[in-house]
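[1] Build me a structure from this.
(2 chains)
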There are 2 protein chains.
Amino acid sequence: MKNKTLSNRIANELMEFIREGDFSVGEKLPNEYELSSLLGVSRNTIREALRSLASRNIIDIRQGAGTFISQKKGVADDPLGFSFIEDRRKLTQDLMQIRCIIEPQIAALAAQNATLHDIEILGNLCDELEALIRKRQDFTQKDMDFHTQLATCSQNIVMSNLIPVICEGITVFSSIVAESEFEQTIKSHREIFHAVHERRAADAQQAMLFHLLYNRNRFIQEKNQ
Amino acid sequence: MKNKTLSNRIANELMEFIREGDFSVGEKLPNEYELSSLLGVSRNTIREALRSLASRNIIDIRQGAGTFISQKKGVADDPLGFSFIEDRRKLTQDLMQIRCIIEPQIAALAAQNATLHDIEILGNLCDELEALIRKRQDFTQKDMDFHTQLATCSQNIVMSNLIPVICEGITVFSSIVAESEFEQTIKSHREIFHAVHERRAADAQQAMLFHLLYNRNRFIQEKNQ
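    Modelled structure (predicted):
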């Protein structure tokens, strides 16, 4: 921390300012000029500090429009440094292992803690996911949204930040999906949703574990081919 | 992705360059001048791109000395946006919940997968931790090192990036530690270490779960006082 530059220090002060100012996602920050007189530093320093907050996904700088609180809530791009890991297959395996550890517990917590509104959103995602699969369209993003919403349902704030990171890290490991696998994917998500909806925590946990192990086994089979 | 600026694009190209160049931690990168002619853009653009990689902890820029591959291996500062979460008590609780889910499994994997060298390092950390506790000195960092090393022992590369993030997020919740609690902390870590050392995965898992629940209960008791 010895070599902390001025702009780093100002970036921290801006963070403090944002936290205390209770800004909500998408809200606009004061402009560079105002911030510069507020913190008593040059506009250049403010600009550099803002850029550093932008690179941490705390704010969005939109050319000509101003500076806004980012939707990414400060979760960095590739926050855990996956792009630094060279062995992609090992990375995928390790991420799957982590999902098998965390997500069944999330499903149980979701069944126990979800609000009615949370469950409604989960149900809609389940429908949309099913529609995409039936049309044989790319459902990767919707799948991730389902798992992220389940994390939100758990009411553990860290989980809802962590799950997208872990899901995103798993590169799509197969473009060839058998017809039976499409059906199984639909069925698994439905089962998880129904268990959450009916507050059956133990069933939600096991349905999730089955879903993840099914995918892991597909991955292992492909590897051995 | 539409508004990707030039320096963002160059930052990605630099990432690619680093990955393909097989640079190791601490290794020096070519200087701005060389990078600028290598990628065919101005030194200003290179400088901005380098700054963005530095803010993502991929490289360290040392004034006057050059640019080096960072020891942080691209794991961002506050990667999951904890500083954005206002309710610190809820954050601590949620992080504890995650630790209770993940770390017992890590301990089991560690007992199963650790190399002899991994175990030796774990043993040393255990000794150092114990020495600090006996001298009643601050052992927060050493405690975190122990848990991180256990994650390394698991041979899951993502775990060893994730665990420090989760441990660090838990603010020290008590400065008053009873004498009996010091002893229990020493005992818990010893038990985990011995189980890993003797490849008793099930025991390692339970020792870790006990250790974490013990701390969680201390936290809950304080809350209710």
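[2] how about the helix or strand containing A:His117, does it reach chain B?
    Taking DSSP states H and E as the definition, A:His117 sits inside helix A:116-134. No: judged by CB under 8 Å from any CB of the partner chain, helix A:116-134 and chain B are separated, with a smallest distance of 15.8 Å. Where you see a C-beta, it was placed from the backbone N, CA and C, and this is true even at glycine.
[3] Which helix or strand lies directly C-terminal to that helix?
    Following helix A:116-134 in sequence, per DSSP H and E, is helix A:140-153.
[4] Quick check: which helices or strands does that next one pack against?
    The contact analysis (3 or more CB pairs under 8 Å, 6 or more residues apart in numbering or on different chains; DSSP states H and E) places helix A:140-153 against helix A:88-113, helix A:116-134, helix A:157-169, helix A:179-197.
[5] show me what contacts the closest residue to A:Met208 other than its chain neighbours?
    Leaving aside its sequence neighbours, A:Met208 sits nearest to A:Ala107 (CB to CB, 6 or more residues apart in numbering or on different chains; 3.9 Å). Taking CB atoms under 8 Å, 6 or more residues apart in numbering or on different chains, we find A:Ala107 in contact with A:150, A:192, A:195-196, A:201, A:204-205, A:207-208.
[6] now, the most widely separated pair of these?
    A:Leu150 and A:Ala201 (12.4 Å; CB to CB).
[7] how close does the residue minimising distance to the centre of chain A sit to chain B?
    The C-alpha lying nearest the average C-alpha coordinate of chain A belongs to A:Pro164 (CA atoms, centre = their mean; 2.4 Å). For A:Pro164, the distance to chain B (CB to the nearest CB, to the nearest Å) stands at 10 Å.
[8] Give the closest residue to that residue in space, chain neighbours not counted.
    Per CB to CB, 6+ apart, closest to A:Pro164 is A:Thr148, 5.0 Å.
[9] How is chain A partitioned into domains?
    Domain assignment for chain A, taken from automatic domain parsing, gives A:6-69, A:82-224.
[10] deepest of the ones you listed, which one?
    Burial of these is given as mean neighbour count (mean count of other CB atoms under 10 Å in any protein chain shown); domain A:82-224 ranks first at a mean of 18.
[11] What's the end-to-end length of that one?
    24 Å (CA to CA, to the nearest Å).
[12] mind checking how far that domain is from the chain centre?
    12 Å (CA atoms, centre = their mean, to the nearest Å).
[13] So A:Thr67 belongs to a strand, correct?
    Yes: counting by DSSP: H, G, I helix; E, B strand; the rest coil, A:Thr67 is found in a strand.
[14] I'd like to know how far it sits from A:Lys142.
    Computed as CB to CB, to the nearest Å, the A:Thr67 to A:Lys142 distance reads 31 Å.
[15] Distance check, A:His189 against B:Leu14.
    39 Å.
[16] still on that earlier bit, quick one: the domains of chain A as TSV, columns for mean pLDDT too.
    Below are those laid out as TSV (pLDDT from 0 to 100):
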stretch	mean pLDDT
domain A:6-69	89
domain A:82-224	91
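[17] got TSV for those domains, with distance to B:Gln137 too?
    Below are these laid out as TSV (distance: least, CB to CB, whole Å):
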stretch	distance to B:Gln137
domain A:6-69	28
domain A:82-224	29
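[18] doesn't A:Ile61 fall inside a helix?
    No: judged by three-state DSSP, A:Ile61 forms no part of a helix; its state is strand.
[19] and it, what does it touch?
    A:Ile61 touches A:50-51, A:54, A:67, counting by CB under 8 Å, 6+ apart.
[20] same deal with A:Ile192?
    A:107, A:150, A:204, A:207-208, A:211.
[21] Pick out whichever of those sits closest to A:Thr115.
    A:Leu150 (13.2 Å).
[22] Kindly provide the distance from that closest one to A:Glu181.
    From A:Leu150 to A:Glu181 the distance is 21 Å (CB to CB).
[23] now swap in A:Asp60 and tell me
    38 Å.
[24] cool, and A:Leu29?
    47 Å.
[25] likewise A:Val196?
    23 Å.
[26] Ok, A:Arg200 next?
    25 Å.
[27] again with A:Val41
    From A:Val41 to A:Glu181 the distance is 57 Å (CB to CB).
[28] A:Asn44 now?
    If you go by CB to CB, the gap between A:Asn44 and A:Glu181 works out to 56 Å.
[29] hmm, back to that, quick check, nearest of the contacts of A:Ile192 to chain B?
    Taking CB to the nearest CB as the measure, chain B lies nearest A:Ala107 of these, at 11.7 Å.
[30] can you tell me which helix or strand the closest residue in space to A:Glu181 that isn't next to it in sequence belongs to?
    Leaving aside its sequence neighbours, A:Glu181 sits nearest to A:Arg218 (CB to CB, 6+ apart; 7.0 Å). Applying DSSP H and E as the criterion places A:Arg218 in helix A:201-224.
[31] now for that helix, which elements pack on it?
    Looks like helix A:201-224 contacts helix A:88-113, helix A:179-197 (3+ CB pairs under 8 Å, 6+ apart).
[32] just to revisit the earlier point, need the contacts of A:Ile61 in TSV with distance to chain B and secondary structure, can you?
    Below are the contacts of A:Ile61 laid out as TSV (distance: CB to the nearest CB, whole Å; DSSP: H, G, I helix; E, B strand; the rest coil):
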residue	distance to chain B	secondary structure
A:Leu50	12	helix
A:Arg51	8	helix
A:Ala54	9	helix
A:Thr67	14	strand
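[33] And the furthest pair within those?
    A:Arg51 and A:Thr67 (10.1 Å).
[34] Surely A:His211 and A:Ser188 touch.
    Yes: using CB atoms under 8 Å, A:His211 is in contact with A:Ser188, at 3.9 Å.
[35] Can you name the residues that contact the closest residue to A:Phe82 other than its chain neighbours?
    Nearest residue to A:Phe82, sequence neighbours excluded (CB to CB, 6+ apart): A:Gly169, at 4.7 Å. Applying CB under 8 Å, 6+ apart, we find A:Gly169 in contact with A:80, A:82, A:91-92, A:95, B:158.
[36] How about A:Leu39?
    Contact analysis of A:Leu39 by CB under 8 Å, 6+ apart lists A:10, A:13-14, A:17, A:46.
[37] now do 6 Å
    By CB atoms under 6 Å, 6 or more residues apart in numbering or on different chains, the contact list for A:Leu39 reads A:Glu13.
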